[in-house]
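Novice: Make a model of this:
(one chain, ligands or ions: 1)
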Amino acid sequence: MTGLQNNSQKSVTVIGAGVAGMSAACALAEAGFRVQLVEQRGYLGGRASSYLHPGVNEVIDNCQHVLFGCCTNLMGFYRRIGVADRIQWTREMTMIEPGGRSSRLGPFELGPLRLPAPLHSAPSFLNAKAFTLADKLSLGRAILAMMAPAALIDTHESLGAWLRRHKQTEGAINRFWRLVIASALNAEMDAIAVPYAAKVIRELFLNSAQAGSMGMSMVPLSELYAGVPQFLAERSGSVHLNTHVEGASWNEDLAQWLICTRTGELVSDFVILALPFDATQKLLPHLPAEPGAEKLARQIERHEHWPICSVHLWFDREITELEHAVLLDREIHWIYNQSKLQGRGGHYIELVVSATRSFAALPRETAIQQALSELAEFFPRVKEAKLEKVALIKEMHATFGVNPGIDSARPTAASPWPNLFMAGDWTATGWPSTMESAARSGYLAAEALGLSAENPLHCFEPDLKLQGMMRWISD
Ligand SMILES: Cc1cc2nc3c(=O)[nH]c(=O)nc-3n(C[C@H](O)[C@H](O)[C@H](O)COP(=O)(O)OP(=O)(O)OC[C@H]3O[C@@H](n4cnc5c(N)ncnc54)[C@H](O)[C@@H]3O)c2cc1C
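Specialist: Residues are numbered from 1 along each chain as shown. Okay, here's the model as predicted:
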């Protein structure tokens, strides 16, 4: 990071304290800007946060959030606020079939012996009982085809159509493409642009073992950000919680923004809007009229939400020793053993259902019963265990969809207004709806703002270096 530490203290209001807003705010504060971070909720973290759930009287994450080694900007943000060591990493993914048979995917390691990328996970894939020989051949062919340079992949084709063209077996579709790839992108396969699927394949399975290792927080998510208010305060910044922004106006004479909130007014030289697309849409009519704003409004209209549900279960005994696994052939997709992952007392299991609108539409009791009966198919101890308490969290606006052609609807950090920059996971980062996309967008906005304020800063983290043969297979 470079930047003037003692500049003329240009001021910035960052609206929205999700990962995008927090990463922009901290980078700018470090570069000498006076930052006020404004958030409508009473806590930091936005869609990646934890809170005291009144129904179960426990602090829980709104949903398990995983990151990967390739999430260089998110890790850069965690390092900046001093919490990178709260992330635990694993290189193995366990897939379990109903009945309990399991397969493990992960890099081959025999003492010091490793295989070069992209072959590092090939032995475990070839060994995986979850796939038949026909599935493996069909997957191998498709993954090779997805290694084509990005420029040759049609951004307007859906993953569903691409898979039909590449004649994938039912096993490959159900147990890999739908479960691993579509669920990582949180949408049905016909609503996913192929380049985003290719990106997930490359990052998680091909580029390097490090890029594909999975990270999980060892503490509830909002604890990760507990140091952000002090980080900002030590750099003459501030956090304003419970502060809903209703609009803003630009004072040309003073070259300043006046930001109207439900609790008062704020003034600053610069603004970063670090909001989801729907909150940005609501704010548009309350910003100064600018011709470019119409284009932005049309871009936003092309976005849609996808839900993610999580079922949080407390049992009276341990139902599995596993820390986490992928569950095959059922509606529930992922299991996380939070008692082990977050070192919490009791027997706390979290199930995640992504990429499906039908589960999200179920009434609470039906959804919980379905999750429990499916869980018992994988872990028979569930039948004897007593369920002590349960919480169902439906996040209907969890992610934005990466449908074919979406890239032209993702705005850059530059905005139609003077001294105002855009961030948020849905802006033009090239990444799907993830914390990494949010962190990237925050850093891109901070760098664009720094340039415009003649106080350039460099906070954007480069991608990991490609390993092995992937160095010669360019993206
Ligand atoms: C259930 C679920 C599971 C997920 N799983 C994963 C995962 O495993 N891995 C992963 O990488 N990503 C995951 N994601 C996606 C990830 O959480 C988001 O991509 C990321 O957190 C978005 O960050 P953001 O800062 O762009 O937006 P947000 O987190 O939405 O932040 C925007 C903030 O702006 C605030 N705001 C809105 N309007 C106003 C206003 N008018 N005034 C003031 N404040 C306002 C909001 O309250 C919010 O705090 C998941 C998301 C959900 C919901």
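
Novice: what pLDDT, on average, does stretch 52-65 get?
Specialist: Averaged across stretch 52-65, the pLDDT comes to 96.

Novice: Would you mark the buried spots in it?
Specialist: Neighbour counts using 16 or more other C-beta atoms under 10 Å place 53, 56, 58, 59, 60, 61, 62, 63, 64, 65 of stretch 52-65 among the buried residues. C-beta here means a position set from N, CA and C on the backbone, and glycine is covered the same way.

Novice: For the first one, give me its contacts.
Specialist: Spelled out, that is residue 53. Residue 53 makes contacts with 59, 60, 312, 391, 393, as judged by C-beta atoms under 8 Å, 6 or more residues apart in numbering.

Novice: In the stretch 51-200 of the chain, which residue sits closest to the ligand?
Specialist: Closest contact between the stretch 51-200 of the chain and the ligand, by C-beta to the nearest ligand atom, is at residue 63 (3.2 Å).

Novice: show me the residues around residue 179 that make contact.
Specialist: Residues near residue 179 by C-beta under 8 Å, 6+ apart: 326, 328, 333.

Novice: Mind pulling up the pLDDT for the last one?
Specialist: Translated: residue 333. On pLDDT, residue 333 comes in at 94.

Novice: Chain neighbours aside, what residue packs nearest to it?
Specialist: Setting aside the residues directly before and after it, residue 333 is nearest to residue 183 in space (C-beta to C-beta, 6 or more residues apart in numbering), at 5.2 Å.

Novice: next one: the first one
Specialist: With C-beta to C-beta, 6+ apart as the measure, residue 95 is the residue that lies nearest to residue 326, at 4.7 Å, once sequence neighbours are left out.

Novice: shouldn't the residue of the stretch 51-200 of the chain closest to the ligand be in contact with residue 391?
Specialist: No: applying C-beta atoms under 8 Å as the test, residue 63 and residue 391 come out as separate, 11.1 Å apart.

Novice: Now do the phi/psi pair for residue 252.
Specialist: Dihedral pair for residue 252: phi -60, psi -40, per degrees, to the nearest 10.

Novice: measure it to the ligand for me?
Specialist: Noted for residue 252: a distance of 24 Å to the ligand, by C-beta to the nearest ligand atom, to the nearest Å.

Novice: now do residue 425
Specialist: For residue 425, the distance to the ligand (C-beta to the nearest ligand atom) stands at 4 Å.

Novice: do residue 298 as well
Specialist: According to C-beta to the nearest ligand atom, residue 298 stands 21 Å off from the ligand.

Novice: Alongside the ligand, which residues does this protein contribute?
Specialist: In this structure, the chain approaches the ligand at residues 15-21, 38-41, 46-48, 62-63, 65-67, 244-245, 274-276, 279, 308, 395, 398-399, 424-425, 433-438, judged by C-beta under 6 Å from any ligand atom.

Novice: What subset of the residues you listed is buried?
Specialist: The buried subset of the residues of the chain next to the ligand - by 16+ other C-beta under 10 Å - is 15-21, 38-41, 46-48, 62-63, 65-67, 245, 274-276, 279, 308, 395, 398-399, 424-425, 433-438.

Novice: Show the pLDDT at residue 474.
Specialist: 64.

Novice: Then residue 3?
Specialist: Listed pLDDT for residue 3 reads 38.

Novice: where along the stretch 301-450 of the chain do the helices fall?
Specialist: For the stretch 301-450 of the chain, applying DSSP state H, counting those that start in this stretch gives helices covering 338-341, 357-361, 364-378, 381-384, 435-452.
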